[in-house]
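Engineer: curious how this folds, go ahead:
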Amino acid sequence: MNAIRTVIEKLKLNVSHIEDVPESFSSDVYKLTLASGDTVFVKIPFNKDKLFRESRMLETLKGLLPVPEVLDIWYGDERTTGALLLSAIQGMPCAGVMDEQLPYHIGVVLAMLHEVKAPGYGYHVTDGYKLLDPNDWRRYIKSNFEKWKEPCKDMLDSKLYDRCILHFDEVFSALPDPDGPCIVHMDFRPGNILVNGSEVAGIIDFESARGGSSEIDFTKVNRYIWEVNPRTKKPFIEGYQSIRPMLPLESILPLYDIYDAFSAIVWCKNRGIEKNRTFLQENILTLRNSVGY
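Structural biologist: This next block holds a predicted model:
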């Protein structure tokens, strides 16, 4: 709580109530009620890279998609990474049963995001936009997976690990050419989709967003929306296709299921296994299902 009080002081906010937002897993997020009665959010990112990435991305998307407005920024000090002051969006995280209209609109919004072009495959940093070297999305994905092998090997059953490595190599070789570079969210899941009834009110949490290939954003759509309610897939795809063509998902999803799960397992190892055990087990189960083990 010391960090949020420091931010409130630095941004000169007159606050009547502070509420923690527990659904934020990487950065610290607080809902503030101001003395004026207005509601705003403060986000204290895990590191400065995330601070700059989100602020630049929200400025890029302003007026193009329903995203929070950056009202103010504090760039931090030796103890705090900094903070974003964000406008509130009138909506609730997407949860529960969906009618056909909502997944259609979610598909439209994701397609609109993917229509925003990026300067190249890369991401925002403190002094501009850093391109991948080389500027090759496939090599980036392969390189990340190679880095994750060793920590995942320590966390997984040896037979499951071996099957995952073999399966990844097989599906990687079958991938179509990547599209892009376009803006990709990297964590496009129900908790980051705010809705009002059957309408999408806003998209939040762009701290991992970057210039990439749109294919990566379907991973969590598939896991948390389509697999939970298969009837949502058809209207979602129809909505997406009303803006831009859909990629060959049957060639893409098998690879990103493993890629995303490996990434999550490394994240759990780095951030603390015990406090993230449920998330860890969820991703191990994803790997088991992916390779039929």
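
Engineer: can you map out the helices along the stretch 101-250 of the chain?
Structural biologist: Assigned by DSSP state H, counting those that start in this stretch, the helices in the stretch 101-250 of the chain fall at 101-114, 137-153, 158-173, 218-221, 233-241, 249-271.

Engineer: how about these, which one is nearest A83?
Structural biologist: When the helices of the stretch 101-250 of the chain are ranked by distance to A83, counting by C-beta to C-beta, first place goes to helix 249-271 at 20.1 Å. For the C-beta atoms, the positions are set from N, CA and C on the backbone; glycine is no exception.

Engineer: other residues contacting the helix or strand sitting right after that closest one along the chain?
Structural biologist: Next along the chain after helix 249-271, taking DSSP states H and E as the criterion, comes helix 277-291. Contacting residues not belonging to helix 277-291 are listed as 25, 155-156, 160, 163-164, 167, 223, 254, 257-258, 260-262, 264-265, 268, 273, 293 [C-beta atoms under 8 Å, 6 or more residues apart in numbering].

Engineer: of those, just the buried ones, ChimeraX syntax please.
Structural biologist: In ChimeraX syntax, the buried subset of the contacts of helix 277-291 is picked out as below (16 or more other C-beta atoms under 10 Å):
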select :155,156,160,163,164,167,223,254,257,258,260,261,262,264,265,268
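
Engineer: per-residue pLDDT of F25, please?
Structural biologist: For F25, the model assigns a pLDDT of 68.

Engineer: would you map out the domains in the chain?
Structural biologist: If you go by automatic domain parsing, the domain ranges for the chain are 2-88, 93-291.

Engineer: rewinding a little: now the helices of the stretch 101-250 of the chain as a markdown table including distance to N14 and mean pLDDT?
Structural biologist: Rendered in a markdown table, the data for these read as follows (distance: least, C-beta to C-beta, whole Å; pLDDT from 0 to 100):
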| stretch | distance to N14 | mean pLDDT |
| --- | --- | --- |
| helix 101-114 | 34 | 97 |
| helix 137-153 | 44 | 97 |
| helix 158-173 | 52 | 96 |
| helix 218-221 | 38 | 97 |
| helix 233-241 | 42 | 97 |
| helix 249-271 | 34 | 96 |
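
Engineer: which non-adjacent residue is nearest A209?
Structural biologist: Once flanking residues are discounted, A209 sits nearest to M57: 4.6 Å by C-beta to C-beta, 6 or more residues apart in numbering.

Engineer: now do the helix or strand that neighbour falls within against helix 101-114, angle only.
Structural biologist: Taking DSSP H and E as the definition, M57 sits inside helix 48-61. Counting by axes from the mean of the first three to the mean of the last three C-alpha atoms, to 10 degrees, helix 48-61 points 100 degrees away from the direction of helix 101-114.

Engineer: torsion angles phi and psi at the spatially most central residue of the chain?
Structural biologist: Nearest to the centroid of the C-alpha atoms of the chain, with distances taken as C-alpha atoms, centre = their mean, sits D187, at 1.6 Å. With angles defined as degrees, to the nearest 10, D187 sits at phi -150, psi 50.

Engineer: give the contact list for it.
Structural biologist: D205, S208, K220 are the contacts of D187 under C-beta under 8 Å, 6+ apart.

Engineer: cutoff 6 Å now
Structural biologist: D205, S208 (C-beta atoms under 6 Å, 6 or more residues apart in numbering).

Engineer: quick check: it vs D260, distance?
Structural biologist: Noted for D187: a distance of 10 Å to D260, by C-beta to C-beta, to the nearest Å.

Engineer: what's the neighbour count on D133?
Structural biologist: 10 (other C-beta atoms under 10 Å).

Engineer: show me which residues of stretch 47-62 are buried.
Structural biologist: Result for stretch 47-62 [16+ other C-beta under 10 Å]: buried residues D49, K50, L51, F52, R53, E54, S55, R56, M57, L58, T60, L61.

Engineer: and what of stretch 240-252?
Structural biologist: Using 16+ other C-beta under 10 Å as the test for burial, stretch 240-252 gives Y240, L247, L249, I252.
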